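Colleague: Provided below for reference: sequence and predicted model.
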Amino acid sequence: DIVMTQSPLSLPVTPGEPASISCRSGQSLLHSNGNNYLHWYLQRPGQSPQLLIYLSSNRASGVPDRFSGSGSGTDFTLIISRVEAEDVGDYYCMQALQTPITFGQGTKLEIK
Amino acid sequence: EVQLVESGGGLFQPGGSLRLSCAASGFTFSGYWMHWVRQVPGKGLVWVSRIKSDGSSTNYADSVKGRFTISRDNAKSTLYLQMDSLRAEDTAVYHCARVYNSAYDYWGQGTLVTVSS
């Protein structure tokens, strides 16, 4: 199984400040087709997860442009350029290169 | 509008069985892979199973293999998860999710399954 490791697990952020979450995979997520099979989700309190970033760096429909994703191979990063109150919740990375599909432990973003 | 609505959860005894349903609407259901993902309240996301758009291929997490069966009825736009030989550790909220570019672009609200005597 591909192990996904996120850091930090807790992230207190002042509104308007940037935030960064790291996700590392136990093996490369780079497919021969050139895509990295790494996705990011936000789960707001009491809600289902929602897709933020797919294939490492593509923003999902309706996602604000303050969210961006980068990385390749085994190291990936989600960046929020200016955190807003509505960004509070749990962030998960997920690898979809192979089954079993696996998720990171989650990073809880809170507002200072 | 794309909607995924799960049903079938509740309180069940260890060793028992149940079937979850996920009713899809707002898109051509038969064109998409579908997955089940579960989450123990307060804990992280765990993949359970997936099924190809035409139902011809399925995969399972080791923890449910041999006990759970994923299926779909494309004529009814409905995804299923048959859960047998239930264990306490199967207690979780079960979400169905649609796959787009290998990611889950739509999730259902989830249905809570509690396994307890």
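Modeller: Everything's here; your move. The shown structure was predicted, so the numbers you read here are calculated from the model rather than taken from an experiment. Numbering: from 1, shown residues only, chains lettered A, B, ... in the order given.

Colleague: Could you measure from the residue most central in space within chain A over to chain B?
Modeller: Nearest residue to the geometric centre of chain A (CA atoms, centre = their mean): A:Trp40, 3.4 Å. Computed as CB to the nearest CB, to the nearest Å, the A:Trp40 to chain B distance reads 9 Å. Any C-beta I mention is one placed from the backbone N, CA and C, and that applies to glycine too.

Colleague: separation between the residue lying closest to that residue once chain neighbours are set aside and A:Arg66?
Modeller: Using CB to CB, 6 or more residues apart in numbering or on different chains and skipping residues adjacent in sequence, the residue nearest A:Trp40 is A:Ile53, 4.1 Å away. Using CB to CB, to the nearest Å, one gets 12 Å for the distance from A:Ile53 to A:Arg66.

Colleague: next one: B:Gly9
Modeller: 36 Å.

Colleague: Can you tell me the number of residues neighbouring A:Phe67?
Modeller: Burial of A:Phe67 is recorded as 19 neighbouring residues (other CB atoms under 10 Å in any protein chain shown).

Colleague: Could you check the pLDDT of it?
Modeller: Looking at A:Phe67, its pLDDT reads 98.

Colleague: Checking the residue nearest to A:Trp40 next. Helix, strand or coil?
Modeller: For A:Ile53, the assignment made with DSSP: H, G, I helix; E, B strand; the rest coil gives strand.

Colleague: Residues in a beta bridge with it, which ones?
Modeller: Here A:Ile53 sits in beta bridges with A:Trp40, A:Arg59, going by DSSP bridges.

Colleague: Mind jotting down where the strands sit in chain A?
Modeller: Taking DSSP state E as the test, the strands found in chain A are A:4-7, A:10-13, A:19-25, A:38-43, A:50-54, A:58-59, A:67-72, A:75-80, A:89-95, A:102-103, A:107-111.

Colleague: tilt between the fourth one and strand A:107-111?
Modeller: By that I understand strand A:38-43. With axes from the mean of the first three to the mean of the last three CA atoms, to 10 degrees defining the directions, strand A:38-43 sits at 50 degrees from strand A:107-111.

Colleague: list the helices and strands strand A:38-43 packs on?
Modeller: With contacts taken as 3 or more CB pairs under 8 Å, 6 or more residues apart in numbering or on different chains; DSSP states H and E, strand A:38-43 sits against strand A:19-25, strand A:50-54, strand A:67-72, strand A:89-95, strand B:103-107.

Colleague: A:Gly26 - nearest residue in space that isn't next to it in sequence?
Modeller: Spatial nearest neighbour of A:Gly26, excluding adjacent residues (CB to CB, 6+ apart): A:Val3 at 4.0 Å.

Colleague: got the residue ranges for the helices in chain B?
Modeller: Read by DSSP state H, chain B holds no helices at all.

Colleague: What parts of chain A come near chain B?
Modeller: A:37, A:39, A:41, A:43, A:48-51, A:54-55, A:58, A:60-61, A:92, A:94, A:96, A:99-106 (CB under 8 Å from any CB of the partner chain).

Colleague: Restricted to buried residues, select the residues you listed in PyMOL.
Modeller: Restricted to buried positions by 16 or more other CB atoms under 10 Å in any protein chain shown, the PyMOL selection for the residues of chain A next to chain B reads:
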select buried, chain A and resi 37+39+41+43+48+49+50+51+54+55+58+60+92+94+96+100+101+102+103+104+105+106
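
Colleague: Right, I'll call it a day here.
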